[in-house]
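**Student:** Sequence plus predicted model, see below.
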Amino acid sequence: MEATGLALGMTDNESVDDPPEPDPTETIEELRRSFWYGSRSNLSFKFLKDLPDAEFGDFLDELLTEVAATIDSGDPTGVIDTAYRWQIQGYTGHLGDPNDFPHRFDDVPINPLPKPLSECRVTLLTSSGHFVEGDDPKPFGIESMTQAEAEARIGDFLKEAPSLSSIPVDVDPAQLRVRHGGYPTDAVRSDHQVGLPIGHLADLAADGVIGALNPTAYSFVGAASQVRLKRQVAPEWADRLRNDGETDVVLLVPL
Amino acid sequence: MGHVQRAIEEAGIPTVSVYIRSFGHIPELMGLSRSLITRHPMGRPLGAPGDGKRQRSVVEAALALLESPTQTIVEFDETYRIESD
């Protein structure tokens, strides 16, 4: 009995007589939805909520095939490509009628460059959710909210207007924090320039590709009320940039 | 972010954005001025962590779109690979 339990990876408190019971009532739909802020919450795969069951099956089939191939090849390229392609399918495969898109516009506001790019001052604005240690935007008044708490309260974030964090572009990267309940933040945690390219822009300024970099970059949590963003916050931020004396053009990085 | 980009253009400031392919439908539907679409997974708009070369190339390609006086939505034509400097 003991050897059997060890072989099955059991702990002292378990035996083969009373294995943990899977929920016998979970449907495929419930399984899919559990990746969307549910019991299996996973921000890289939360789109599974919206896949038809048959496509969910195809996704699992392709993913497991690539995983099996990786065991021998040691090359995860196929796994990454599969995840990438199914993210696209999840977000764009079932868009329906463009007229039903909730934030559709027919006009295109656009301004020409006022001078050559090599003379322009560039401002960076991202929706990465970065802020500097000691300058926590304190969502809902909570200091030092964790990433897990931000994910658990995603519904609250989506009802509120976002606040804009200022980030000195010469900040010590060790002082950067990121908290955002809407996307997988692992990559920007290990390298902020994945979503907040302040170093690359400084290099491009030093190399003369751009005229200068605004000494302040901006970041906010993009998982926010889109109505409040549109009506209230975005026009205020635009005014702020127009009047800051440091901005000729803006680079935006949505996460 | 689409609302932010529109508001900044409406304030008279030229803009460019970098969207991943999963959100690549947004620039056209929202009438955004200039967007570079990267073939990257969610959470990695500019490239893999540690791949400064790719990240800088994406930033430079995006900034180059600012030269365009009309709506421009183009794909950054390299697929995602994990490479370190």
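**Tutor:** Structure's in. What do you need?
**Student:** how near is the residue nearest the centre of chain A to chain B?
**Tutor:** Nearest to the mean C-alpha position of chain A, by C-alpha atoms, centre = their mean, lies A:Tyr183 at 2.5 Å. As for A:Tyr183, its distance to chain B is 5 Å (criterion: C-beta to the nearest C-beta, to the nearest Å). For glycine as for every other residue, the C-beta is placed from the backbone atoms N, C-alpha and C.
**Student:** Then A:Leu60?
**Tutor:** 18 Å.
**Student:** what about that residue, how many residues close to it?
**Tutor:** 12 (other C-beta atoms under 10 Å in any protein chain shown).
**Student:** Equivalent analysis for B:Asp77, please.
**Tutor:** B:Asp77, neighbours per other C-beta under 10 Å, totals 9.
**Student:** Get me the contact residues on the stretch 1-150 of chain A for chain B.
**Tutor:** A:43-44, A:47, A:77, A:80-81, A:83-84, A:87-88, A:90-92, A:95, A:98, A:101, A:103-114, A:117, A:120, A:122, A:125, A:127 (C-beta under 8 Å from any C-beta of the partner chain).
**Student:** Generate a ChimeraX selection restricted to the buried entries among these.
**Tutor:** Filtering the residues of the stretch 1-150 of chain A next to chain B down to the buried ones (16 or more other C-beta atoms under 10 Å in any protein chain shown) takes a single ChimeraX command:
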select /A:43,47,80,81,83,84,87,88,90,91,108,109,110,111,117,120,122,125,127
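**Student:** tell me the contacts of the residue nearest to the centre of chain A?
**Tutor:** Counting by C-beta atoms under 8 Å, 6 or more residues apart in numbering or on different chains, A:Tyr183 touches A:Leu43, A:Ala223, A:Leu255, B:Met42, B:Gly43.
**Student:** Repeat that for A:Cys120.
**Tutor:** Per C-beta under 8 Å, 6+ apart, neighbours of A:Cys120: A:Leu113, A:Pro114, A:Ile210, A:Gly211, A:Ala212, A:Asp248, A:Val249, B:Leu66.
**Student:** isn't the fifth one right up against A:Arg121?
**Tutor:** It refers to A:Ala212. Yes: the pair A:Ala212 / A:Arg121 is scored as a contact, 4.6 Å apart, by C-beta atoms under 8 Å.
**Student:** Go through the contacts of A:Cys120 and say which is closest to A:Ala54.
**Tutor:** B:Leu66 (43.4 Å; C-beta to C-beta).
**Student:** Make sure I have this right: the closest one is in a helix.
**Tutor:** Yes: looking at B:Leu66 with DSSP: H, G, I helix; E, B strand; the rest coil, it is inside a helix.
**Student:** Surely it is in contact with A:Val249?
**Tutor:** Yes: with contacts counted by C-beta under 8 Å, B:Leu66 reaches A:Val249, the gap being 5.5 Å.
**Student:** Could I get the pLDDT score of the residue most central in space within chain B?
**Tutor:** Chain B has B:Val18 as the residue nearest its centroid, 1.6 Å off, counting by C-alpha atoms, centre = their mean. The confidence metric pLDDT takes the value 98 at B:Val18.
**Student:** Inside helices: which ones of the residues of the stretch 1-150 of chain A next to chain B?
**Tutor:** Secondary structure defined by DSSP state H assigns A:Thr77, A:Ile80, A:Asp81, A:Ala83, A:Tyr84, A:Gln87, A:Ile88, A:Gly90, A:Tyr91, A:Thr92 of the residues of the stretch 1-150 of chain A next to chain B to helices.
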